[in-house]
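In: No sequence on hand, only this structure:
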């Protein structure tokens, strides 16, 4: 019976992973469609679309699925999504920004507000925490692509604002205005980045205790589970032990 129980547990986890993967692919496809609809359906001429396709490739989304998502943007009718940004404070007064693509503003706002409230936080007005972040471009490469010095030199030459290198890779930051050109220059030198997108980078991060950190990580997981939510950003740090406990 023990073996049977273990098999059921593995199947349950696999089913959950498959469901999460399906949800992730849905979100990636939605971003590709919206990006293609807002600009040209050619990634070479549309920086946001190119970033969305890179993200999809990193998650092993098939070429056919990517092409279908682009074609959706050029078709008549179909879904219409509004880009929404929600801002508020989570447990411990930590600032949280939520980006969403939704076909029902009222549903999205109501759900997200309830998540904040249940976690002990509160949803604020647009702009209530954005001033604590820079809306900037980020380009990421694996650490094996170049040495720290070589990446720093190339990023400076390309016009980047900042470079953070660590064992997990290189993070290159560029303003919204220069992001596309910096990404192109680095791609010409090092190949396609593992990530190239706009992000909300906090000016400062706050350390929280494990109890607060656990509540915050649960809130972020809950937000990410929502079909309409594309990205969640927050300005806090937690211990490595808690990240390991929470599976991060």
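Out: Nice, thanks for sending it over. Quick caveat: nothing in here was measured; it's all calculated off a predicted structure.

In: okay, now the domains of the chain?
Out: Annotated domains of the chain cover 2-74, 82-131+204-245, 143-193 [automatic domain parsing].

In: Between those domains, which has the poorest mean confidence score?
Out: Here the lowest mean pLDDT among the domains of the chain goes to domain 2-74, at a mean of 80.

In: about what we covered before: need the domains of the chain in a markdown table with mean neighbour count and distance to residue 137, can you?
Out: All C-beta atoms are positioned from the backbone trio N, CA, C, and that covers glycine. Output for the domains of the chain, formatted as a markdown table (neighbours: other Cβ atoms under 10 Å; distance: least, Cβ to Cβ, whole Å):
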| stretch | mean neighbour count | distance to residue 137 |
| --- | --- | --- |
| domain 2-74 | 15 | 9 |
| domain 82-131+204-245 | 17 | 14 |
| domain 143-193 | 17 | 3 |
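
In: if I look at the closest residue to residue 222 other than its chain neighbours, how far off is residue 96?
Out: Sequence neighbours aside, residue 115 is the residue nearest to residue 222 in space, at 5.1 Å (criterion: Cβ to Cβ, 6 or more residues apart in numbering). Using Cβ to Cβ, to the nearest Å, we find residue 115 at a distance of 10 Å from residue 96.

In: Quick check: neighbours shared by the two?
Out: Taking Cβ atoms under 8 Å, 6 or more residues apart in numbering as the criterion, residue 115 and residue 96 both touch residue 219.

In: Let me know the helix or strand that residue 52 is in.
Out: According to DSSP states H and E, residue 52 maps onto helix 47-58.

In: thinking again about what came up before, heading C-terminal from the helix or strand the residue nearest to residue 222 falls within, find the next helix or strand.
Out: Using DSSP H and E, residue 115 sits in helix 105-118. Counting by DSSP H and E, the next helix or strand C-terminal to helix 105-118 is strand 122-123.

In: Show me what that following strand packs onto, helices and strands only.
Out: Where contact means 3 or more Cβ pairs under 8 Å, 6 or more residues apart in numbering; DSSP states H and E, strand 122-123 is packed against strand 82-89, helix 105-118.

In: could you redo the ones you listed as a markdown table and give each row distance to residue 171?
Out: Formatted as a markdown table, the helices and strands packed on strand 122-123 follow (distance: least, Cβ to Cβ, whole Å):
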| stretch | distance to residue 171 |
| --- | --- |
| strand 82-89 | 22 |
| helix 105-118 | 28 |
